[in-house]
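Chemist: Pasted the sequence and its predicted model underneath.
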Amino acid sequence: TWTMVNIVEEQVEKIRTQIGDRRAICGLSGGVDSAVAAALVQRAIGEQLTCVFVDHGLLRKGEAEQVERDFVAATGVSLHVVDATKRFLDALAGVVDPEQKRKIIGREFIRVFEAAEVEIMGDAAEHGERVDFLVQGTLYPDVVESGGGAGTSNIKSHHNVGGLPDDLEFELVEPLRTLFKDEVRLVGDQLGLPQEIVWRHPFPGPGLAIRIIGEVTYERLEILREADAIAREELTRAGLDRDIWQFPVVLLADVRSVGVQGDGRTYGHPVVLRPVTSEDAMTADWARLPYDVVETISTRITNEVREVNRVTIDVTSKPPGTIEWE
Ligand code: XMP
């Protein structure tokens, strides 16, 4: 639409004025906000932007490829990928407590991200350039929530945690500061980003680690990734993506139950489907998915994911339940 064309042009102009001929970096999470912010800045300053994508190995099926291949193809952004799967899984070994998982993932993420920043700044310095700007996908609701200051998703405070010199300060570039989520999606469309990224449901930073109830292992992640991919595929096929706020699939990794699959008795794991509707994730209602969609998902998961022999559905609203199980 005209408005979105105007927003894009206006922001591109503003970004050029702010950054000039200096350099910027941007962390990509795979989510829509950071993707749209990065794409806008890329359009404004091209090669002066470097994006960093930390793959912690806790993403859903196909998501790392969406960033590494489809996003790069659509935008031409220069991307620095760090595959840190082993590091994260080593750090998570033996951990079952949800808050502990979050802490570990947050800590490792900052370390890996800062190491990447240092590398990128080193490269720039060799060419006599400086990296002065950090791009963030802060939205208008983030700005309002935090009383007009920087966004809640602000990672700037993390820069004191270690790895970078104390006097290092990035100037923030926040091209989405005046926009709501639906407008961000329209800008993403306007910039030609892949639909899978533009219409992606919110996904927690700690990823699938907080959807595996029990210890996080590579094998368990693979099981959950397969089950989750089926659920998402069928939701999309039913045309329900935009009616559902989020659709977590949860693996009860320490629970087993008896089943019959194929020729014999199995002793597998249950998964829980957790489709919810919501406006802002503060409250949520369990989504009344059509039974035929639930049936297809259940049949496919138990047929295609060997380790799962039972599919259940969570009919708890928030409150009292949270959207995520951990
Ligand atoms: P809950 O489970 O508290 O989740 O109802 C509310 C929303 O927040 C997301 N969520 C997180 N996002 N880091 C994030 O970036 C986290 O640690 C985290 N925990 C929950 C959740 O997916 C939902 O959208």
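Modeler: Sure thing, it's come through. Numbering: from 1, shown residues only.

Chemist: Double-check that F53 belongs to a helix.
Modeler: No. Applying DSSP: H, G, I helix; E, B strand; the rest coil, one finds F53 to be strand, outside a helix.

Chemist: Enumerate every residue touching the closest residue to it other than its chain neighbours.
Modeler: Distances taken as CB to CB, 6 or more residues apart in numbering place L28 nearest to F53, at 4.5 Å, with adjacent residues excluded. For the C-beta atoms, the positions are set from N, CA and C on the backbone; glycine is no exception. Each residue near L28 by CB atoms under 8 Å, 6 or more residues apart in numbering is listed here: 34-35, 38, 51-53, 67, 71, 79.

Chemist: gap between L28 and the ligand?
Modeler: 14 Å (CB to the nearest ligand atom, to the nearest Å).

Chemist: can you count the residues close to L235?
Modeler: L235 has 21 neighbours, counted by other CB atoms under 10 Å.

Chemist: Can you check the pLDDT for it?
Modeler: L235 carries a pLDDT value of 98.

Chemist: Distance check, it against the ligand.
Modeler: L235 sits 16 Å away from the ligand, going by CB to the nearest ligand atom.

Chemist: packing partners for the helix or strand where that residue lies?
Modeler: According to DSSP states H and E, L235 maps onto helix 218-237. Packing contacts for helix 218-237, counted by 3 or more CB pairs under 8 Å, 6 or more residues apart in numbering; DSSP states H and E, involve strand 249-251, strand 264-273, helix 291-304.

Chemist: Please identify which of those is closest to the ligand.
Modeler: The ligand lies closest to strand 249-251 among the helices and strands packed on helix 218-237, at 11.0 Å (CB to the nearest ligand atom).

Chemist: contacts for that closest one?
Modeler: Strand 249-251 is contacted by residues 211-213, 220, 223-224, 227-228, 231, 269, 271-274, 308, 314, 325 when judged by CB under 8 Å, 6+ apart.

Chemist: Pull out the buried members of those.
Modeler: 211-213, 220, 223-224, 227-228, 231, 269, 271-274, 308, 314, 325 (16 or more other CB atoms under 10 Å).
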